[in-house]
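No sequence on hand, only this structure:
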């Protein structure tokens, strides 16, 4: 029942109560009942009061009916509430299954990835051809945070996966990917090297990726003095390191006391220009690679080399599709490459080792990501790497590698895909004419997850 109905019935009840109590009122006021003329006058007075109440009720009813129209025409202003300052945390990652069949062979510690450097360097080095593999080592978990400060956002990333490398090669075990923090223009920790461009990596399911790509997560301190959107200039001091190959003289006693000596950090920088069509990035690196001979003999094999490199990379949008590519050239930058041999090779003279040289390297990546629809995507592409091996290395040393793949992936719902991929790789030795290749069929399923939390101060 509305407000206007209440008012109307209250008026009627008031009038009825007045009429009902009228005789009693007169009885209390005097001994004898009032004359009829007096009662009629009182009734007419009561009727006039009721008519006045009806007019007031009609006026009030009209005002009530106008209230929604007034509110719709001019809603009451909503007071603005300032967002609380605090930290936002995101927990993210994915679980992933890889299954496939390898028609040839490679190093069993790298059974579920394609790396040309891990293919046989001589006939049947790793046994018979043919191998079924299954792995969940691509699964990943990470945490990101962002906290507003007077110096800009304070951001952190801590991320790990299950892909063992180094001493844990071939294992399903925890492996740190990122441990990184940023405050304004400055960042520090372990993150993508400033020399690389992660956006070159294609939409593939093979874990290791193109062998001709610069790909390295390094410990560093980075300064980004200029950025605008996705365009920026960044410079960093990064952890040094390199690998050497004794080649033909690996078993020489004279080389047993030779070890790396890294006195200076690597210096890397890149400039990135981004627009709606994509981006182009030019990166460079300078590094001192030094080694010391601690043997107490007549040979002093100590030395140093200047490592350097240039990396030109780009993404170019073709409608809904994306072309990804890069060209890299340098000397002594192999440990920044996704799959390469050593940075320093031994030099031979008159049948004896006389020192070492930084090995020149060239790398190429060209991939096309095809986004057919929201539910279907494909990738096709090729990568190449070539090393100018020194004369002191063995004839079976790795010189050249090739890598190619194509896939079709189905995304039936957000955050999930499944599909097959065809993969191929080839290795060429330095000087013995031997080469080996590998062909695989892999099927993967990947489930992504992400959850954000706002933590008020």
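In hand now; what should we look at? Only a predicted model underlies this, so the values are computations on that prediction, with no experimental measurement involved.

Would you indicate which residues of the top strand by length along the chain are buried?
In terms of residue count, the longest strand belonging to the chain (DSSP state E) is strand 435-456. Across strand 435-456, burial judged by 16 or more other C-beta atoms under 10 Å covers 436, 438, 440, 442, 444-446. All C-beta spots, glycine's among them, are computed from the backbone N, C-alpha and C.

which secondary structure elements does that strand contact?
Secondary-structure packing of strand 435-456 (3 or more C-beta pairs under 8 Å, 6 or more residues apart in numbering; DSSP states H and E): strand 86-102, strand 416-429.

what does the average pLDDT come to for the longest one?
In this case it means strand 86-102. The average pLDDT for strand 86-102 rounds to 97.

Same question for the last one.
When pLDDT is averaged over strand 416-429, the result is 98.

Repeat that for stretch 278-286.
98.

And for stretch 441-451?
On average, stretch 441-451 scores 98.

thinking again about what came up before, what angle do the longest strand of the chain and strand 416-429 make?
Angle, strand 435-456 to strand 416-429, by axes from the mean of the first three to the mean of the last three C-alpha atoms, to 10 degrees: 140 degrees.

In its sheet, which strands sit next to strand 435-456, and in what direction?
strand 86-102 (antiparallel), strand 416-429 (antiparallel) (DSSP bridges).

Tell me how the chain divides into domains.
3-73, 86-456 (automatic domain parsing).

Least reliable of those domains by average pLDDT, please.
Among the domains of the chain, domain 3-73 carries the lowest mean pLDDT (a mean of 59).

which ones are touching the closest residue to residue 346 other than its chain neighbours?
Distance criterion C-beta to C-beta, 6 or more residues apart in numbering; nearest residue to residue 346, sequence neighbours excluded, is residue 392 at 3.7 Å. Taking C-beta atoms under 8 Å, 6 or more residues apart in numbering, we find residue 392 in contact with 247-249, 345-348, 353.

closest to residue 330 among these?
Residue 330 lies nearest to residue 345 out of the contacts of residue 392, by C-beta to C-beta, at 14.5 Å.

So the closest one versus residue 211, what's the distance?
Residue 345 sits 18 Å away from residue 211, going by C-beta to C-beta, to the nearest Å.

hmm, back to that, with respect to residue 264, which of the helices and strands packed on strand 435-456 lies nearest?
That would be, of the helices and strands packed on strand 435-456 and by C-beta to C-beta, strand 416-429, which comes in at 33.5 Å.

Pull out the buried positions in that closest one.
Those would be 417, 419-421, 423-429, for strand 416-429 by 16+ other C-beta under 10 Å.

now do stretch 214-224
Quick answer for stretch 214-224 (16+ other C-beta under 10 Å): 214-220, 222-224.

quick check, residue 167 in a helix?
Yes - under DSSP: H, G, I helix; E, B strand; the rest coil, residue 167 falls within a helix.

how many other residues sit next to it?
Residue 167 has 6 neighbours, counted by other C-beta atoms under 10 Å.

can you start the count at 30 instead of 1 from here on
Fine by me, first position is 30 from now on; the one you just mentioned is residue 196.

OK, contacts around it?
Contacts of residue 196 by C-beta under 8 Å, 6+ apart: none found.

I'd like the distance between it and residue 204.
For residue 196, the distance to residue 204 - C-beta to C-beta - is 11 Å.

Check residue 415 too.
For residue 415, the distance to residue 204 - C-beta to C-beta - is 29 Å.

In strands only, show me the buried residues of stretch 243-253.
Per DSSP E, the buried residues of stretch 243-253 map to strands at 246-249, 251-253.

Show me the helices in the chain, by range?
32-58, 65-102 (DSSP state H).

ok, back up a step: would you mind finding the most buried of the domains of the chain?
domain 115-485 (a mean of 18; mean count of other C-beta atoms under 10 Å).

what about that domain, distance to the chain center?
16 Å (C-alpha atoms, centre = their mean, to the nearest Å).

before we move on, back to that, possible to save the contacts of residue 421 as TSV with distance to residue 263?
Output for the contacts of residue 421, formatted as TSV (distance: C-beta to C-beta, whole Å):
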residue	distance to residue 263
276	37
277	41
278	40
374	31
375	35
376	35
377	40
382	39
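
Out of the residues you listed, which is nearest to residue 426?
residue 276 (6.8 Å).

Could you double-check that that closest one sits in contact with residue 423?
Yes - proximity of residue 276 to residue 423 meets the contact threshold set by C-beta atoms under 8 Å, at 5.5 Å.

Over to the residue nearest to residue 375: give its phi and psi.
Torsion angles at residue 421 (phi, psi; degrees, to the nearest 10) stand at phi -90, psi 0.

With residue 330 instead?
phi -100, psi 10.

That one contacts residue 285, doesn't it?
No - judged on C-beta under 8 Å, residue 330 makes no contact with residue 285 at a distance of 10.6 Å.

what do these two both touch?
Taking C-beta under 8 Å, 6+ apart as the criterion, residue 330 and residue 285 both touch residue 324.

circling back: make TSV from the buried residues of strand 445-458 and add distance to residue 192 to it.
Formatted as TSV, those follow (distance: C-beta to C-beta, whole Å):
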residue	distance to residue 192
446	19
448	21
449	21
450	18
452	17
453	22
454	18
455	23
456	22
457	27
458	28
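
between the residues you listed, which is nearest residue 174?
residue 446 (27.8 Å).

For the closest one, give the beta-bridge partners.
Going by DSSP bridges, residue 446 forms beta bridges with residue 475.

From residue 185, how far out is it?
29 Å.

Likewise for residue 389?
Taken as C-beta to C-beta, the span from residue 389 to residue 185 is 38 Å.

before we move on, what about residue 235?
Distance from residue 235 to residue 185, by C-beta to C-beta: 30 Å.

What of residue 368?
30 Å.

again with residue 172
8 Å.

ok, residue 408 - contacts?
231-233, 396-399, 434-436.

Sorry, wrong one. I was asking about residue 154.
Counting by C-beta under 8 Å, 6+ apart, residue 154 has contacts residue 134.

re earlier: now distance to residue 147 too, for the ones in strands among the buried residues of stretch 243-253, in a markdown table please.
As requested, these are exported to a markdown table (distance: C-beta to C-beta, whole Å):
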| residue | distance to residue 147 |
| --- | --- |
| 246 | 20 |
| 247 | 22 |
| 248 | 25 |
| 249 | 27 |
| 251 | 31 |
| 252 | 37 |
| 253 | 36 |
